[in-house]
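**Student:** Dropping the sequence and predicted coords here.
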Amino acid sequence: MASGCSLVWIGALLLGLGASPARAFQFQHHGYEEMVRALFAVQSQCSYVTRLYSIGRSVEGRHLYVLEFSDNPGIHEPLEPEFKYVGNMHGNEVLGRELLIFLSQFLCEEYRAGNQRVTALIHNTRIHILPSMNPDGYEVAARQGPELNGYLVGRGNSRDVDLNRNFPDLNGLMYYYEKSNGKNHHLPLPDNWEVQVEPETLAVIKWMQNYNFVLSANLHGGAVVANYPFDKSREARVRGKTIYSATPDDKIFQKLAKTYSYAHGWMHKGFNCGDYFEEGITNGASWYSLTKGMQDFNYLYTNCFEITLELSCDKFPPASVLPREWLANREALVSYMEQVHHGIKGMVYDDNNNPIGNAAISVASISHDITSGVDGDYFRLLLPGTYTVTTSAPGYQPSTRTVTVGPAEATQLHFYLKTEPKGTNLNVKVPQGKKSPSPPAKGPPANLGPR
Ligand SMILES: [Zn+2]
């Protein structure tokens, strides 16, 4: 890919860097083999703080490689949050894939150069980067080339399934539960879900099950806006009007989206690609409703808050614009990762200081619980303010504390739960069967916009 490739020197101008020397980045599109080679190169250059692993294979057998950055790669350290970036879910939306490869190279080089901000990020965060969730679709789109790429060629996987319409629909189940127990976190998956989703989706869901992700972004193209959940409308469109569908964490999601849009070169200005989005952000459903998307699934099935970033009008831009795009997104990509360190975090212990996993952390005024991980640690993103927080787990007495969250790093708040005296629990224990009620009728046909 020598043609259209440009070499740009990146000085240590931004990001509060020290006096690290200028380095060369190769700005080019990366086919599968080139992407794999680039990721292995970063892994070998920064072997002490990286790990390269595969979460599975695409339909055509390509690996879904993830590059992890951490001061202890391969290990979850209690109280150190897990973050993820996912790119190229739509095979023909390629900017996210390239930005994540550049980000990997950048983190490695800046770490080696002693950049304090990058070093702090890697030491305090476990970062997982999946540059391409749809490597098969990419190859189809790349064969067409940047100039000739049609709007939908290579969007789906090699069976032409749109992966952002392929996750189990938990929104319907959430509406159903609203009439009974109100539960809207860690909702159960439908029977036989494994055979109802594509291999790429299956791999990503298993990945979510194996890591207690706290914050995430999914990189797309075809517009320039930071899109936050819910993506799916509560009701079908009324006379063509779309309807804002807020999560209980709407204010936090708006702030997360603005973190990206304002740190981006021009996203926050709002006028892009013939559309206007105030401050460069939008609720998904208020733009257009989509069903079975990945970001709603993150919120309803895991502890992870995910937004969807639309990063370019042109889904497959020429390589010549990659340097400019990298500079427009670099600060935003780093600032967004740093958001994982806000709110509250802590440990949940029993009487004997043993960690309690899967304890529910409930914040009064926000009807969406998150849970502690297997090590007993939890992370709850919150805006600055004072909150009443209750932690509960089966067999223990709930514990309630009041906490004030500032604008800086997460406030630590630990919980010690006393064992419940025998015979006092009047709650009827509901068996945790895998069966879930079938959600109501399907929504409108999938809209094929950028997301
Ligand atoms: Zn997309």
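**Tutor:** Sure thing, it's come through. Numbering: from 1, shown residues only.

**Student:** Quick one: end-to-end distance for stretch 240-247.
**Tutor:** 22 Å (C-alpha to C-alpha, to the nearest Å).

**Student:** what does stretch 232-243 give?
**Tutor:** The stretch stretch 232-243 measures 9 Å between its terminal residues, going by C-alpha to C-alpha.

**Student:** mean confidence for that stretch?
**Tutor:** Average pLDDT, stretch 232-243: 77.

**Student:** does residue 299 sit in a helix, a strand or a coil?
**Tutor:** Under DSSP: H, G, I helix; E, B strand; the rest coil, residue 299 falls in the helix class.

**Student:** Point out where the stretch 101-250 of the chain drops to low pLDDT.
**Tutor:** 146-151, 236-239 (pLDDT under 70).

**Student:** What parts of it come near the ion?
**Tutor:** Applying C-beta under 5 Å from the ion, one finds that the stretch 101-250 of the chain approaches the ion through residue 220. No exception for glycine: its C-beta is placed from N, CA and C like everyone else's.

**Student:** What segments of the stretch 101-250 of the chain are strands?
**Tutor:** 126-130, 213-220, 223-228 (DSSP state E, counting those that start in this stretch).

**Student:** Same check on the stretch 251-400 of the chain?
**Tutor:** For the stretch 251-400 of the chain, applying DSSP E, counting those that start in this stretch gives strands covering 271-272, 275-276, 281-283, 305-312, 344-349, 360-363, 366-371, 377-380, 385-392, 399-405.

**Student:** Could you pull up the residues touching residue 226?
**Tutor:** Applying C-beta atoms under 8 Å, 6 or more residues apart in numbering, we find residue 226 in contact with 256-258, 260-261, 267, 280-282, 307-310.

**Student:** correction: residue 342
**Tutor:** 381-383, 405, 407, 409-410 are the contacts of residue 342 under C-beta under 8 Å, 6+ apart.

**Student:** Look at it and report its pLDDT.
**Tutor:** Predicted confidence (pLDDT) for residue 342: 97.

**Student:** again, but for residue 66
**Tutor:** So, for residue 66, pLDDT stands at 98.

**Student:** Remind me which helix or strand it belongs to.
**Tutor:** In this assignment (DSSP states H and E), residue 66 forms part of strand 63-69.

**Student:** now the angle between strand 126-130 and the helix or strand just after that strand, please.
**Tutor:** Where DSSP H and E defines the elements, the next helix or strand beyond strand 63-69 is strand 82-87. Here strand 82-87 runs at 20 degrees with respect to strand 126-130, directions being taken by axes from the mean of the first three to the mean of the last three C-alpha atoms, to 10 degrees.

**Student:** which residues touch residue 266?
**Tutor:** By C-beta under 8 Å, 6+ apart, the residues touching residue 266 are 224, 272, 328.

**Student:** again, only this time at 7 Å
**Tutor:** 272, 328 (C-beta atoms under 7 Å, 6 or more residues apart in numbering).

**Student:** One more: residue 450?
**Tutor:** 220-223, 310.

**Student:** can you put the residues you listed in CSV and add neighbour count?
**Tutor:** Formatted as CSV, the contacts of residue 450 follow (neighbours: other C-beta atoms under 10 Å):
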residue, neighbour count
220, 26
221, 25
222, 22
223, 23
310, 30
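
**Student:** what's the closest of these to residue 75?
**Tutor:** residue 220 (31.2 Å; C-beta to C-beta).

**Student:** still on that earlier bit, in CSV, list the contacts of residue 342 along with neighbour count, distance to residue 97 and pLDDT.
**Tutor:** Shown next, in CSV, are the contacts of residue 342 (neighbours: other C-beta atoms under 10 Å; distance: C-beta to C-beta, whole Å; pLDDT from 0 to 100):
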residue, neighbour count, distance to residue 97, pLDDT
381, 25, 27, 98
382, 19, 32, 98
383, 14, 32, 98
405, 19, 35, 97
407, 7, 33, 91
409, 12, 31, 92
410, 21, 31, 96
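
**Student:** hmm, which two among these are most spread apart?
**Tutor:** Distances among those were taken as C-beta to C-beta; the most separated pair is 383 and 409, at 14.0 Å.

**Student:** Which residue does the stretch 51-200 of the chain have closest to the ion?
**Tutor:** residue 90 (3.6 Å; C-beta to the ion).
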